[in-house]
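A.B. asks: starting from these lines, generate the structure:
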Amino acid sequence: MALTMVHLLAADLWARRHAEYLGCPEFYLGAISPDAIHIRYHGDKSRKDEFHLYNWRSLHREPLLDYWRERRGPFDIGYGVHVLTDCQWVQSYIRTFPAIIRPDGRLNVDIYYNDTFVTDFRLYNSQPRLQALMALLMEAEAPADHPLLTRDEFTQWRQLMADAYRAPCPKNDPVRFIDRPYVESFALRCQPLIDELYEEAFGGNMLGVRPTNSDIGH
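C.D. replies: All right, here's what the predicted structure looks like:
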């Protein structure tokens, strides 16, 4: 449910301690690719949790661990980082901004999508690093053997995202809740869970120290 720049920012911060993924086009393509479900189903989100390894809105460890134990390429590591970012994103904004939830318990989509689009486009337009990552993932070779989505769906989705961020932001109301400082803070706070699941799936110790605010945008 996080938008593309949130996913690229979180993935890039994580990859700073994994030299084999930092600068790898396939890793960054994987980090935006679970949302290629929208190429197949457009606005229908009824199967989105399945395509996010049942981690779209809340953590379910075993489907992600099973996926990573079967698929270990850079694209697949990025795919897993995406779903672990999403499951934390939803829980975080609900906890942090209860006013974004309507009295009937549903998300106020008008506020949510305005905030997320405006902030995401501001991140893209103000951070050359994110622009470079979008260019980098355009070079990636999408997998032809993915169990959930096709190579064509992955490549269509990345082209759709590349075109979207070169255009003006589709929303323009003032941001009320989900602003750039919140997103940058979230990208840092979501790292430990990704570390934990990666270590559980692949073993070994994490390299280096976790990133800080000074790493964002560089």
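A.B. asks: number of nearby residues for the closest residue to Leu107 other than its chain neighbours?
C.D. replies: Leaving out its chain neighbours, the residue that sits closest to Leu107 by CB to CB, 6 or more residues apart in numbering is Ile101, at 6.2 Å. Backbone N, C-alpha and C define where each C-beta goes, glycine included. Using other CB atoms under 10 Å, Ile101 is surrounded by 15 other residues.
A.B. asks: so Ile101 sits against Tyr112, correct?
C.D. replies: No - applying CB atoms under 8 Å as the test, Ile101 and Tyr112 come out as separate, 9.5 Å apart.
A.B. asks: quick check: next helix or strand after the helix ranked longest in the chain?
C.D. replies: Looking across the chain with DSSP state H, the single longest helix is helix 74-96. Later in the chain than helix 74-96, the nearest helix or strand by DSSP states H and E is helix 109-126.
A.B. asks: so Tyr182 touches Ile100, yeah?
C.D. replies: No - using CB under 8 Å, Tyr182 is not in contact with Ile100; the gap is 11.5 Å.
A.B. asks: mutual contacts of the two, please.
C.D. replies: By CB atoms under 8 Å, 6 or more residues apart in numbering, Tyr182 and Ile100 have no common neighbours.
A.B. asks: now do the helices in the chain.
C.D. replies: So, for the chain - with DSSP H - the helices run 4-15, 25-30, 37-41, 48-51, 61-70, 74-96, 109-126, 128-137, 151-166, 180-189, 191-202.
A.B. asks: of all those helices, which one is nearest Pro143?
C.D. replies: helix 74-96 (5.5 Å; CB to CB).
A.B. asks: got the angle between the closest one and helix 109-126?
C.D. replies: Orientation check (axes from the mean of the first three to the mean of the last three CA atoms, to 10 degrees): helix 74-96 against helix 109-126 gives 130 degrees.
A.B. asks: and helix 74-96, what does it pack against?
C.D. replies: helix 4-15, helix 25-30, helix 61-70, helix 180-189, helix 191-202 (3 or more CB pairs under 8 Å, 6 or more residues apart in numbering; DSSP states H and E).
A.B. asks: of all the ones you listed, which one comes closest to Arg47?
C.D. replies: Arg47 lies closest to helix 61-70 among those, at 13.9 Å (CB to CB).
A.B. asks: any idea of the mean pLDDT for that closest one?
C.D. replies: Averaged across helix 61-70, pLDDT comes to 98.
A.B. asks: ok, and the closest non-adjacent residue to Trp68?
C.D. replies: Ala201 is the one closest to Trp68 (CB to CB, 6+ apart), at 4.0 Å.
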